[in-house]
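[1] predicted coordinates and the sequence they were generated for:
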Amino acid sequence: MTESTLVAAKKKPLIVQSYRAKAYQLLEGHSNISFVAKSINLLLIILIITNVIAAIFESESNYHEQYLVEFAVFEFISLSIFCIEYCLRLWCCVESKAYSHLSHTKARIKYVFSPIALIDLIAILPFIIAMFFSIDLRSLRLIRVLRLLKLTHYFKGFNIFIAVIAKELKSITAAMMVMVFLIVIAASLMHAVEGKIQPETFGSILRSLWWSVVTMTTVGYGDVVPVTPIGKVIATIIMLIGVGLVALPAGMLAARFGEELRERKDNLDSKIKIALTDGYIDQEQYQELAKLADRLEIDPDDFKRSIAQLKQGNHHEKCPHCGK
């Protein structure tokens, strides 16, 4: 093998890696991404939204029959783009720092089973299913509507919501369990009180559960109501309990959201203060802080505002040595 052949063989993997890194930045880069990456993300967002709108209109038989060809062509184009996007994400996922300690094969296998990759797979399922099986059109429409989940790629605020749910999962589960217990107790009481008078609606605990859920959640459809005085008293108590109990998980989430945002802001501020120990932030430090702000889902304007405020506060502090 000649020297020129060896050089060409060495350059080829480097070129492949370079293209793969660029593809990763275009699809997965979230900090200081280029205009091209922003344009690609915007086009994919528009494509996802228009897909869902098309699925909604196609469910109307008149529109489906009138624009059958147009809907089919649009679906084929969309699926082709989503398939290419999925394959590109699978190819370039090895560039992620999260998979740097794994081989390319293991990294891709791990990525395939990650939640975000499973969502991407759902987006192209209609194409895969239609190739091998005949499936009800309504089920295909449901899968197409689920493409809305792909927006989690582009709106990173969803990550804060998931983090809050994960941290408050035990508390929310406990509150939901208490609600389930009270629903069963309320259904049992109404069955005992109203069962003989209204056998169709309260003839069993199972039948009474619908009324119990509707009343406990304070929805109150009014399709099933107690008629006995004792039943009305029980219903009143259940409604009063439901008002406070249903609001409990919402209050937990709201409080945790505030705490989560405050913790992230404090984390970033502490890093900025460390970077400002010498009085200024160089370009490398700024890039690292920008990446941290991006990971913490902090708005770029808030990030810049924090730096400005902490710089100003740093200038006003007295030196512990000379007092100036």
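    Received it, and whenever you're ready, just let me know what you need.

[2] hmm, Leu27 is touching Tyr86, no?
    No - under the contact definition of C-beta atoms under 8 Å, Leu27 does not touch Tyr86, with a separation of 10.3 Å. Heads up, the C-betas are built off the backbone N, CA and C, glycines and all.

[3] and those two? which has more neighbours close in?
    Neighbours around Leu27 and Tyr86, counted as other C-beta atoms under 10 Å, are more numerous at Leu27. The numbers are 20 against 16.

[4] can you list the buried residues in stretch 43-54?
    Going by neighbour count (16 or more other C-beta atoms under 10 Å), the buried part of stretch 43-54 is 44, 47-48, 51-52, 54.

[5] stretch 263-278 too?
    Residues of stretch 263-278 classed as buried under the neighbour-count rule (16+ other C-beta under 10 Å) are 264-265, 268, 271-272, 275-276.

[6] dump it to PDB, keeping only the CA atoms.
    Listed next in PDB are the C-alpha coordinates belonging to stretch 263-278 (Å, rounded to 0.1, in the frame of the first residue of the first chain):
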ATOM      1  CA  GLU A 263     -32.600  26.200  42.200                       C
ATOM      2  CA  ARG A 264     -31.500  26.400  38.600                       C
ATOM      3  CA  LYS A 265     -31.000  30.100  38.800                       C
ATOM      4  CA  ASP A 266     -29.000  29.800  42.000                       C
ATOM      5  CA  ASN A 267     -26.800  27.100  40.400                       C
ATOM      6  CA  LEU A 268     -26.000  29.300  37.400                       C
ATOM      7  CA  ASP A 269     -25.400  32.400  39.600                       C
ATOM      8  CA  SER A 270     -22.900  30.400  41.800                       C
ATOM      9  CA  LYS A 271     -21.000  29.400  38.700                       C
ATOM     10  CA  ILE A 272     -21.000  33.000  37.400                       C
ATOM     11  CA  LYS A 273     -19.600  34.200  40.800                       C
ATOM     12  CA  ILE A 274     -16.800  31.700  40.600                       C
ATOM     13  CA  ALA A 275     -16.000  32.800  37.100                       C
ATOM     14  CA  LEU A 276     -16.000  36.500  38.300                       C
ATOM     15  CA  THR A 277     -13.400  35.900  41.000                       C
ATOM     16  CA  ASP A 278     -10.800  37.500  38.900                       C
END
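
[7] narrow the buried residues of stretch 263-278 to those in helices?
    Judged by DSSP state H, the buried residues of stretch 263-278 include 264-265, 268, 271-272, 275 as members of helices.

[8] quick check, central residue of this structure?
    Phe158 (3.9 Å; C-alpha atoms, centre = their mean).

[9] from Asp294, how far out is it?
    Phe158 sits at a distance of 14 Å from Asp294 (criterion: C-beta to C-beta, to the nearest Å).

[10] do the same with Ile185
    Between Ile185 and Asp294 the computed distance is 48 Å (C-beta to C-beta).

[11] who has more neighbours out of those two?
    Between Ile185 and Asp294, counting by other C-beta under 10 Å, Asp294 is the more crowded of the two (17 against 13).
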